[in-house]
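Participant: build the 3D model from these lines:
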Amino acid sequence: MLIYADASDAVARASVERAARQSNIELTSDPGIAEVLLLPLSEEADLVSITEVRSQNPRATLIAHTMVQKQDLWAAAERAGADRIENSGGLGVLLRRLVKEFESGSQRPRMVPLCSVGDVAGRLGILACVQHELGELILIKDQGKPVCLVGPCPHAAGSLASALIEDGVMTCPEHGSQFSIDTGERTRGPADEGLQQLRVVEEDGKYWVVAAPGV
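Facilitator: Here you go, the predicted structure:
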């Protein structure tokens, strides 16, 4: 298993080096080829690094490790591209477990095709809706890069394939629940929870959604 840890991240690099003595782990300085990305998370400035490294490798499992108990910072890290948040003190145990899971194939991300980039060029709103075992995968472009939210609506399981997209908000056509396109968070009921958001990558002329391991 090839792991990237920033050269300045002494905690992660030490954990990787210790785990490498007992497991099939190698350390790389190139985030673009790694299977696992380890990045520190202690302040908002770290979110920039998470975003940048994620953009270099959309397929890898990105783990942000921290000793800070701040739920809002954790949520921001997930929005920036982290697949999971882990305690810095437990990285050694985590890495050895990941090796076993990678060897079994259970930790490899799944890539689900959504649509051809050319078919939706220049369009805004809902670009595609794919029924999958993960749920209703809804590809949306309102402002900026495409995002994927997972339906159906958590209120009454209504389809969001024909939802209204306006000013960064998705509105359920059945009962009017609203969700932030940027985060999936509920902004208005009657739904009492938000929607899961999955990463979208452009590759081989298609938009794909990346389902993190365990999803």
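Participant: what does stretch 154-173 rub up against?
Facilitator: Residues outside stretch 154-173 that contact it (C-beta atoms under 8 Å, 6 or more residues apart in numbering): 124-126, 129, 136, 138, 140, 142-143, 149, 151-153, 174-175, 177-182, 187, 189-195. Glycine gets a C-beta too; all of them are placed from N, C-alpha and C.
Participant: which among those residues end up buried?
Facilitator: The neighbour count (16 or more other C-beta atoms under 10 Å) marks 126, 129, 136, 138, 140, 142, 149, 151-153, 174, 177-181, 191, 194-195 as buried among the contacts of stretch 154-173.
Participant: now do the helices in this protein.
Facilitator: 10-20, 46-56, 71-80, 91-104 (DSSP state H).
Participant: for the longest one, what is the average pLDDT?
Facilitator: If I follow you right, that is helix 91-104. The average pLDDT within helix 91-104 is 77.
Participant: on that earlier part again, mean neighbour count and distance to G168 for the helices of the chain - can I get that in a markdown table?
Facilitator: Formatted as a markdown table, the helices of the chain follow (neighbours: other C-beta atoms under 10 Å; distance: least, C-beta to C-beta, whole Å):
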| stretch | mean neighbour count | distance to G168 |
| --- | --- | --- |
| helix 10-20 | 18 | 35 |
| helix 46-56 | 17 | 19 |
| helix 71-80 | 16 | 14 |
| helix 91-104 | 17 | 35 |
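Participant: can I get these in TSV with distance to L2?
Facilitator: Shown next, in TSV, are the helices of the chain (distance: least, C-beta to C-beta, whole Å):
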stretch	distance to L2
helix 10-20	10
helix 46-56	14
helix 71-80	22
helix 91-104	10
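Participant: narrow the contacts of stretch 154-173 to those in strands?
Facilitator: Counting by DSSP state E, the contacts of stretch 154-173 place G125, I126, C129, E136, I138, I140, L149, G151, Q178, F179, S180, T187 in strands.
Participant: can you tell me which of those residues is nearest S49?
Facilitator: S180 (23.9 Å; C-beta to C-beta).
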